[in-house]
Each structure stands twice: as structure tokens, then as C-alpha cells.
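Undergrad: just to be clear, the model below is a prediction. Sequence and coordinates:
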Amino acid sequence: MEILNHQSLLTTCPLTSSVFYFDLQLFASAEEEGRTEQPTGRKVSKAREKGQVAKSAEVTQALVLLFGFVLLCLISPYMLGEIVGFSRYIFGHLHEIKLTPGNVISFLIVILFLFFKVVFPIMFVAAIVAFLGDYIQVGYKWTLEPLKFKFSKLMPNPAKVLKRLWISKMTVWNLLKSGVKVSIIAYLSYQVIRKNYGAILLTMGWDVTASLFFICKLAFEIIIKATIVFLIISIVDYFFMKHEHIEGLKMTKQEVKDEHKMMEGDPLIKGAIKRRQREIARQRMMQEVPKADVVITNPVHIAVALKYDPAYMSAPTVVAKGEDIMAQKIIEVAREHGVPIIENKPLAWALYESAEIGDEIPPELYRAVAEVLSYIYQNKGEGARRAG
């Protein structure tokens, strides 16, 4: 007896059970799958690299229709002139043309050249507008990922077929768009024909050229109005497709945590790295204490080691500082290497709070530190004279 769960349904045929696989999760919404979190920037970027972007084909189609038809109206005299001129030449010299294989090939080449000469401007503008329509929506992103061959795409997957046939938001939206478009074209055509009904009847008594231009004028009016409406629909469609794109990329809370952990690193490893970095920084700091000119203390809670070399320092610099246990270690190292230790609670606290390791002391503490250094230099001078 085959066991079925809420996620999958396998066919009972042993020959096809490994091929036809129904994943019922395909029919679930993002919330039903537990994907309630907005996609991270990394996931959106990865989807973009695969060619998965929020794009509406309606925008491109509406722009191509609008610009293509406007261009057609602008260059229609040129197109008509080329066609009429070619037709006059052909029919005027028809009796001179001999049906030989060479002449037929030459004739076809001339017709092909005329076709491209007449149609190429519209094709060129349509291609440019189509490119700009996509560029406006998604920007520039060159990727061959969607064109890569994947054997899995060749495997029959009835679930995906059923999903496309299933009544979903996308299916309803596409049906609604098609219905609105057909209704709008029918309504606009009816209004234009109704308004010009009398003139349309009179065209039966006009010459062919006048009738043709009048019909083209009515068609232009219908298409321009319809295109404007299509542009509005395409804008709405773009925002709908963008919403669906984001819905498709939504993540579960666990996926967000996993990605954050992957990007930021494991907290335990990060903690170990930070502890190691702090240890190295403390070792380097303690190596600078013997080079200090003075250590100013609290006397036991705070210790700040200062060094001043007028050759390359504009002001005394903090080379080490610490509190509690670290302060005691700084004091011990200073004593071992004969670095003067001065107890000055206000100055120790001020230095500790206002300057980091490697920083020069702030200007407001220049005078107080200068007095300390002057006192130390005087004691060193007196000690040197006594030793001499």
C-alpha cells in the first residue's frame, strides 16, 4: 500500500513512478509553504543572475505598438511612394520581361530589397523600443542562464502542467487582461464607427485614394486610443508581476537565518575570531608599554600609557590603556621596565574616556599631560646628575 503525504503524490505504476512526480507544494501559496519573510538582497541578486526578474510583456508590447504605428503613419507616404513606383515600373515594362530563370531570380531579389527598404525602418524602431521597454523595467543584465540546457526540463512533469491549467491568481489575471483588451478594442471601434457612420457610407462614392486615407484615419484613431489604454493596463500589469515575483522569492524564517549565518559566519566562529583578535591586540598593546614615557593611573582601576616623541608626534599619544585586570597588567609591565607611574585620578579618567589606543590626546588635556611629562623629565634629569 502506497503512503501519501501532503507534499507529494506518486503514481502507482511502477514503470512511471520514478518519472511522473506530483509535488502538491507547487499549488501552495507562499504563506502556506511558510515563506512569510521578504527576500533578502542576496536572493534577489541570485534570481536576477538566473534571469528571474519582475517584467511585464505588456509594457513592451504597448510601447512597440505605439511607436511602431506612429512611425508607420509618419513614413506611410514614403512606403506608398516606393510601392507605387515599383508597381508602375513593373506593369509598365511587363511586356518586356522574359520569364527566364535568371530574370525570375533577379525579380525576386528586387522584391526582397524593396521589402526590406520599406519595412526595415519599422522593424528597427520596434527592436529598439522593445529593448528600451525591457531596460526600463529590469535595467541591463546580460545572462545566458535561461538558455542553458537542463535535462530536467525534458522530463515530463504533470504537476507543472496542471499548475499552469490550475485556476490561480496568474491565470485569472491573464484572462482578465485579455477580456479587458478585447472589450476595449470592441468599444472603441464601435464608438469611432458610430460617430463616423454617415461618412463611412459616403466613401462608396469617393475615389479609392480618398476612401483609403479616410479608413486609415479611423484606424489610427482607434489604435492610438487603444494603445493609451494598453499602456495603462501594462503599468498595472508590471506592478502585479513585480508583486508576484517578490511572492515567488519569499523565504522562510529558517532560510533567512541560514543565509544570514552564511553571509555573516557562524556566531561561535565569529566569537572565537574576535576573541583571538582581542588577544593579539592586547599582546601588541602590552609590547608598547615598555616604550611609554609615563603610565597615568587611577591608581588601580584605570591605567593609560603615554608616549611622546617630538620628532614624529605633534602631541602625546596613547599607546596602551585598560581597566581593572588589564590596568594591573599595564602597571606591572611598566614597573618591570622602569616606566614612570603617576597617580592622577581625574587625568587618568579623562584620558581613558577621550582617546583610543593610537590616538593623540585631545587639546584640552595638553596642559595637564605637559605638567606630568615635565615633572618626569625633571626627575630623570636630577637622577642622571646624581648618578654622574
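TA: Done, it's in. Numbering: from 1, shown residues only.
Undergrad: nearest the middle, which residue of the chain would you pick?
TA: By CA atoms, centre = their mean, the chain has its centre lying nearest to Ser45, at 5.6 Å.
Undergrad: wasn't it part of a helix?
TA: Yes: Ser45 forms part of a helix when assessed by DSSP: H, G, I helix; E, B strand; the rest coil.
Undergrad: what confidence value was assigned to it?
TA: On pLDDT, Ser45 comes in at 74.
Undergrad: tell me, how many neighbours does the closest residue to Thr203 other than its chain neighbours end up with?
TA: Excluding the flanking residues, the one nearest Thr203 by CB to CB, 6 or more residues apart in numbering is Ser211, at 4.3 Å. Every C-beta, even on glycine, is put in place using the N, C-alpha and C of the backbone. Counted by other CB atoms under 10 Å, the residues lying close to Ser211 total 15.
Undergrad: which element is Ser211 on?
TA: Applying DSSP states H and E as the criterion places Ser211 in helix 208-249.
Undergrad: which residues in the stretch 201-350 of the chain form helices?
TA: With DSSP state H, counting those that start in this stretch, the ranges of helices along the stretch 201-350 of the chain come out as 208-249, 253-264, 267-288, 325-336, 345-354.
Undergrad: in JSON lines: the ones you listed, plus distance to Val53 and mean pLDDT.
TA: JSON lines is the format used below for these (distance: least, CB to CB, whole Å; pLDDT from 0 to 100):
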{"stretch": "helix 208-249", "distance to Val53": "7", "mean pLDDT": "83"}
{"stretch": "helix 253-264", "distance to Val53": "20", "mean pLDDT": "70"}
{"stretch": "helix 267-288", "distance to Val53": "34", "mean pLDDT": "76"}
{"stretch": "helix 325-336", "distance to Val53": "54", "mean pLDDT": "87"}
{"stretch": "helix 345-354", "distance to Val53": "52", "mean pLDDT": "87"}
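Undergrad: reformat these as CSV; add distance to Phe69.
TA: Converted to CSV, the helices of the stretch 201-350 of the chain look like this (distance: least, CB to CB, whole Å):
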stretch, distance to Phe69
helix 208-249, 5
helix 253-264, 47
helix 267-288, 60
helix 325-336, 79
helix 345-354, 72
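Undergrad: residue ranges with poor pLDDT in the stretch 101-250 of the chain?
TA: 140-168 (pLDDT under 70).
Undergrad: between the helices of the stretch 201-350 of the chain, which one is nearest to Val138?
TA: Proximity to Val138 (CB to CB) singles out helix 208-249 among the helices of the stretch 201-350 of the chain, at 10.2 Å.
Undergrad: and that closest one, how far out from the chain's middle?
TA: In terms of CA atoms, centre = their mean, to the nearest Å, the centre of helix 208-249 is set 28 Å apart from its chain centre.
Undergrad: pull the residues that contact stretch 365-380.
TA: By CB atoms under 8 Å, 6 or more residues apart in numbering, the residues outside stretch 365-380 that reach it are 293-294, 296, 306, 308, 315-316, 340, 342, 344, 347, 350-351, 354, 361.
Undergrad: residues contacting His337?
TA: So His337 contacts Val289, Pro290 (CB under 8 Å, 6+ apart).
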